[in-house]
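In: fold the following.
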Amino acid sequence: MATARPRPQVMRLTDAAAGRVKELMVRADSEILGLRVGIKNGGCAGQSYTVEYAHDIKPNDEVIEDKGVKILVDPKAVLFLLGTEMDYKADRMQAQFVFNNPNQISACGCGESVELKPASIDG
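Out: Model (predicted):
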């Protein structure tokens, strides 16, 4: 009988991203479990990442626990985020989560939107 292949972790976090999530959890106005990450249609390249506070776990959320924090991934975004590293970068001009995504085909010049393809899950 064939054994099931282990399910890959959809995303992983850098130390900087995990540290920022912990900071946001402490500073939030209400209790949050972590962050919810998804993809929405729009922008000049077609799609953009969404990041918001997660107050609960929805039935089909992909729950990722990495470096002591929880990231909840919208089930419609899983194939677009498979293999992604979530980082946090801050400089004098801006501070933001950055997604190093192997499924990204292109990005717009302003950096606000991306074009993604679903990850291949074959063999």
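
In: contacts, neighbours, all on C-alpha from now
Out: Fine.

In: contact partners of the host helix or strand of residue 88?
Out: Element membership for residue 88 (DSSP states H and E) is strand 84-90. Strand 84-90 has contacts (Cα atoms under 8 Å, 6 or more residues apart in numbering) with 10-17, 20, 95-102.

In: now the strands: where do they sit in this structure?
Out: Assigned by DSSP state E, the chain shows strands spanning 11-13, 34-41, 47-54, 62-66, 69-73, 84-90, 95-100, 104-107, 114-116.

In: now tabulate the ones you listed in CSV and tack on mean pLDDT.
Out: Formatted as CSV, the strands of the chain follow (pLDDT from 0 to 100):
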stretch, mean pLDDT
strand 11-13, 94
strand 34-41, 92
strand 47-54, 90
strand 62-66, 93
strand 69-73, 95
strand 84-90, 93
strand 95-100, 90
strand 104-107, 76
strand 114-116, 67
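
In: any chance of those in TSV, plus distance to residue 24?
Out: As requested, the strands of the chain are exported to TSV (distance: least, Cα to Cα, whole Å):
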stretch	distance to residue 24
strand 11-13	15
strand 34-41	8
strand 47-54	9
strand 62-66	16
strand 69-73	11
strand 84-90	12
strand 95-100	12
strand 104-107	27
strand 114-116	25
